[in-house]
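Asker: Have a look; sequence and predicted model below, questions after that.
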Amino acid sequence: MADRIRYLDEVMAEIDAEVRRRRASGDLPAGLERELDELFLEFSPVGLQGRARLRETLSLVDGSAYVDIAVPTASNKAVGSYIKRAVRKGLGWYMNFIVAQIVKFAWSVSRMFHVVVDHIEDLEAAVDAHRSPDLPAALQPSASDGASWWAPAAAEALAGVRERVVVADCGDASLVESLLAAGVDAYGVDPSDLALEPALDRGVDVRAEGVLDHLDVVADEMLGGIVLTGSVQWLRPNERERLLDLVSTRLAVDGTLVLHSASPGAWAASAPAVVRDLAPGHPLHPETWAHLLGGRGFAVASTIAGGEDRRLAHVGDADADADAGTVNAVIDAINDLLLGPTEYLVVATRER
Amino acid sequence: MKLAFVTPRYGPEVIGGAETAARMLAERLCLRPGWEVEVLTSCALDHLTWENTEPAGTSVVNGVTVRRFPTASPRTLDYFALDGQLRVAPEVATLSETRTWVALNGPMCPGLVDAVASTDADVIACYPYLFATTVDAIAVSEVPVVLHPAAHDEPALYFSAFRRSFRDVDGFVYHTRAERDLMEDVYRIGARPQVVLGLGVNDPAGVGRPGGDVLGLGDRPYLCYLGRVDEHKGCGMLADYFAEYKERNPSDLALAFVGPVSAKAPEHPDIVVTGTVSEADKWDILADARVMVTPSAYESFSLVVLEAWTLGVPVLVNGACAATMEHCRRSGGGLWFDSYRSFEATVGRLAGDAGLRAALGEAGRRYTEHNYLWPSIIDRYTTFLEGVVARGRRLALRPARLDLQSGGTAYVREGVAGGG
C-alpha cells in the first residue's frame, strides 16, 4: 500500500509542477482562467483547504467587487432593444447612485479580507519559524505493539472500568483485543493505516488518527480509561501540555490513566544519534509525569518498572567473600546509574 | 439475531443514496444464516410530498420483509419557510425550532414509531439522520440503536435537535472516514462505538460489447461520467472544462455522460449524452473508458468510483470532495483536479500514459477487492452489530417522540448514562 501511495504522490507532484509551469507561461487568458476557476468554486464546499486556495478565493472576491451598471440592451425584437436602452438611460442616474455605494461596500469588505489574509500568513510564518525539523521517516521511533511486558499490568489496572477505554498508538491492536477479552470496552487509535489494517479486517474498533486529534473530538468525561504509549514519549513540550489538558478533561472523574514510556536513560543509550538530536521531545522520568499529572488532579496509584533487564549479575558469595561484597556493591551502583529498567508504566486515577 | 431497519422510504423505485444503501445492506444481510431482517418504513416513495402511495402492511421486497406505515400528513409549505429561516444560522437555532423543523421535514409516522417501541428485534438501524422517522425511532427504542448518518456538511447537520438525538445512539456506521471526521468534529462523539463500513460493489454485468460501439464512438478513446446528469453534480463544469481542453488540445478524445438527464444536457461535438442505459450497457461503457470522471464535490460515498476500479479503470475526481479524495488517497487508484489548469494537466497525462492508467486502475482494483466486496462488508457489519447488542441500550435523558404542535421537547426518562 505504501508503494502505491508513494507513486500517487510522485505523479501528483509532477502534475502540480506542470500546472505551475503552464500558469507561469500565461498561455491561457487571465479572464478565461478566472472564469473557469469560478466555475469550480461555484460547485465546491466553502471551506476549501490550503493557503493557495485562500489567495485564489480572495482574487475571486476582488473580481466580483465591481458591479457593472451598463445593463445589456440586446433583444430579439427591435422595439425591445429600444425600450431597454430607454430604461437604462432613464434610470442611469439612479442606478449609478446605488451601485456606487454597493461597490464602495464591496471594496471595503475586500480590503478587510486582504488584511485578514495577510495577518494569517504572518501568523503562519511565525509558527513555522518555531517548528523543529521532522525526523526522517526511517528514524521515527516505533510504537509499542501492545504485546509486551506491561500489557497484563495495564489490563489489571483497567479491569472493571465500565466506560470506554481508548488505547493510543495501539499498533496491531493486540492490547485492545486483550482488553476486550478481559471485558473492558476498549478501542484504539493509531496514525498508521498500515499497522491498523489487519485489526480493521477483524472488525476491531480502531481508527487511523493520532491521539491528540482523536481526543479533540471526544466529549468531556466520556472515557473511563486512557492508555498512552508510543508517541507520548517524543511529543513536543507544547503538544505534551495539550495532551495533558485533553486527558484531564476527556477522562471521567475516577477514570484510569495508564502511561507507558521508555526510561530517559535507556532511550539515550539505545536511540540512534540522529533521533536523539532531532527528536522533537524525549521520554520523561516517571517522577516528572507524576508531577505533571498531580497538577491536573491525578493521583499516581503505582509506577512499575520493566522492559529489558540489562542489569549485571552479582558475583561470588558476598557473605563468604568480602571482595565479592565490594564488587557487588559497585555492580549495584552501576545498575542503578546506567543499567536500570528500560521502560516503566505509570497508573494514575483522575481525582478531580 | 434480528435487525430492523428504519428508513423514511424504501424500495427499488426509490432513487436516493441513503435509501439505496439501506436496501443493499438489508437484501444481503437477510441471506446471512442466523440473521433476520425487517424494514420499518412509510407508505411514501416521494420525499418532497410524503404522499402515501404504497399500501400499508407487510410485504416482501427482494427477500426482505417490509412493514409500511402511513404518513400522518404530507409535507407543507411551513417546512420551506422554517427551513429558509434556520439554514442561515443553523448553530443558533433553538432546540424547539429545530425539533419543529425535523417534524415538518417528516415523515411523521405514528404507526412506525409504535412498531419501533414494541419491536422484537435485537437492534434497530436508522438510515439516514435527517428525518423524523430516525429521531423518533432513537427516542422510543428500548433496544440498541445504530445510526447510519449519511451526513454531508449541510446546515441541518448543525441543528441542536440532532445533537440531542445522537446522544441516545449506541453506535455509528459511516460510509467513509471523511463522514466520520465530519460527524466527530460537529458532535464530539469520537469515543462512541463506530465502524466505517461503506458499501459493497456488485459484480460487473457487462456483456463484452465494446464501449465505443454502445456509445456510437467506434474506436475513439473516451472519458466517461456515470450517474445523474445534473448541474449540482458538477456536470456543467465538466462539460465546460472538457470543451476548453479540446479547444486547446485537439485529439479524438471524447466524453460520455451516462445516466438520467435532470438538467440541460451539455452540447459539444465531442460529448455524448446517453440518458438512462441498461446495466449491461453501463458496465460495457465503463470497461472501455480511458478514465471515469466524477466532478461532484458533494459525494458521501460514490459507488461508481469503486465500480470503475473493479474493472481496473482509473478515476479522476473533484479535489474538493472529501469522500472521493479519500478513496483516491487510500487506494492510489485515481487523480484529482481543483482548477481548470489541473484538470487539463491530469486529463492530458492520463490520456497519454497507458502505464499510468494501468497502475492506477490496478491499485484501485486491489483497494476495492480488499475493502468493498459484499461478504467482507457483511462480516464487518454483523461483528459491529453483535458488539452493539452486547453492550446494550445506552440511555441518556431522552426526549419524547416528536410532536409538531408542542415542538416536542418534553424529556421522559432518566437513563443509565448521559453525555454526548
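Answerer: Thanks, I have the structure now.
Asker: Around chain B, pick out the residues from the stretch 101-250 of chain A.
Answerer: Applying CB under 8 Å from any CB of the partner chain, we find that the stretch 101-250 of chain A lies next to chain B at A:163-164, A:166, A:185, A:187, A:193, A:201, A:203, A:205, A:207-208, A:214-223, A:250. C-beta coordinates here come from the backbone N, C-alpha and C atoms, glycine included.
Asker: These in helices, which ones?
Answerer: Counting by DSSP state H, these place A:D193, A:D201, A:H214, A:L215, A:D216, A:R250 in helices.
Asker: which of those residues lies closest to chain B?
Answerer: Of all those, A:H214 has the smallest distance to chain B: 5.7 Å, by CB to the nearest CB.
Asker: what residues are up against that closest one?
Answerer: Taking CB atoms under 8 Å, 6 or more residues apart in numbering or on different chains, we find A:H214 in contact with A:V166, A:A168, A:V189, A:R207, B:G190.
Asker: okay if I get the residues you listed as JSON lines plus distance to A:V115, pLDDT and neighbour count?
Answerer: Below are these laid out as JSON lines (distance: CB to CB, whole Å; pLDDT from 0 to 100; neighbours: other CB atoms under 10 Å in any protein chain shown):
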{"residue": "A:V166", "distance to A:V115": "42", "pLDDT": "96", "neighbour count": "27"}
{"residue": "A:A168", "distance to A:V115": "40", "pLDDT": "93", "neighbour count": "26"}
{"residue": "A:V189", "distance to A:V115": "39", "pLDDT": "95", "neighbour count": "23"}
{"residue": "A:R207", "distance to A:V115": "39", "pLDDT": "94", "neighbour count": "24"}
{"residue": "B:G190", "distance to A:V115": "36", "pLDDT": "94", "neighbour count": "27"}
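Asker: From these, pick the one nearest B:S376.
Answerer: When these are ranked by distance to B:S376 (CB to CB), A:R207 comes first, at 18.4 Å.
Asker: related to what we said a few turns ago, quick one: which two of the contacts of A:H214 are the most distant?
Answerer: A:A168 and B:G190 (12.3 Å).
Asker: The one residue in the stretch 51-200 of chain A that gets nearest to chain B: neighbouring residues, count only.
Answerer: Nearest to chain B in the stretch 51-200 of chain A, going by CB to the nearest CB, is A:R164, at a distance of 5.1 Å. The tally of other residues near A:R164 (other CB atoms under 10 Å in any protein chain shown) stands at 22.
Asker: what does A:P286 give?
Answerer: 20.
Asker: Tell me the pLDDT of it.
Answerer: pLDDT, A:P286: 92.
Asker: again, but for B:L286
Answerer: B:L286 carries a pLDDT score of 96 in this model.
Asker: List phi and psi for it.
Answerer: Torsion angles at B:L286 (phi, psi; degrees, to the nearest 10) stand at phi -60, psi -40.
Asker: which residues does the nearest residue to A:S132 once chain neighbours are set aside contact?
Answerer: Spatial nearest neighbour of A:S132, excluding adjacent residues (CB to CB, 6 or more residues apart in numbering or on different chains): A:P280 at 5.1 Å. Residues in contact with A:P280 (CB under 8 Å, 6+ apart) are A:S132, A:L135, A:W234, A:L235, A:R236, A:E239.
Asker: which ones among these are found in helices?
Answerer: Per DSSP H, the contacts of A:P280 map to helices at A:E239.
Asker: Would you convert the contacts of A:P280 into CSV that also reports distance to B:V229?
Answerer: Below are those laid out as CSV (distance: CB to CB, whole Å):
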residue, distance to B:V229
A:S132, 51
A:L135, 49
A:W234, 52
A:L235, 50
A:R236, 50
A:E239, 48
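Asker: In the contacts of A:P280, find the pair that's most separated.
Answerer: A:L135 and A:E239 (14.2 Å).
Asker: one step back: of the ones in helices among the residues of the stretch 101-250 of chain A next to chain B, keep whichever come out buried.
Answerer: Among those, those classed as buried by 16 or more other CB atoms under 10 Å in any protein chain shown are A:H214, A:L215, A:D216, A:R250.
Asker: Which residues of the stretch 201-350 of chain B lie near chain A?
Answerer: Residues of the stretch 201-350 of chain B lying close to chain A by CB under 8 Å from any CB are B:231-232, B:234, B:236-237, B:240-241, B:244, B:248, B:295-298, B:318, B:320, B:328-333, B:335-336, B:338-342, B:344-346, B:349.
Asker: In PyMOL, select just the buried ones from those residues.
Answerer: Command for PyMOL that selects the buried part of these, burial taken from 16+ other CB under 10 Å:
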select buried, chain B and resi 234+236+237+240+241+244+295+296+297+298+318+320+328+329+330+331+332+333+335+336+338+339+340+341+342+344+345+346+349
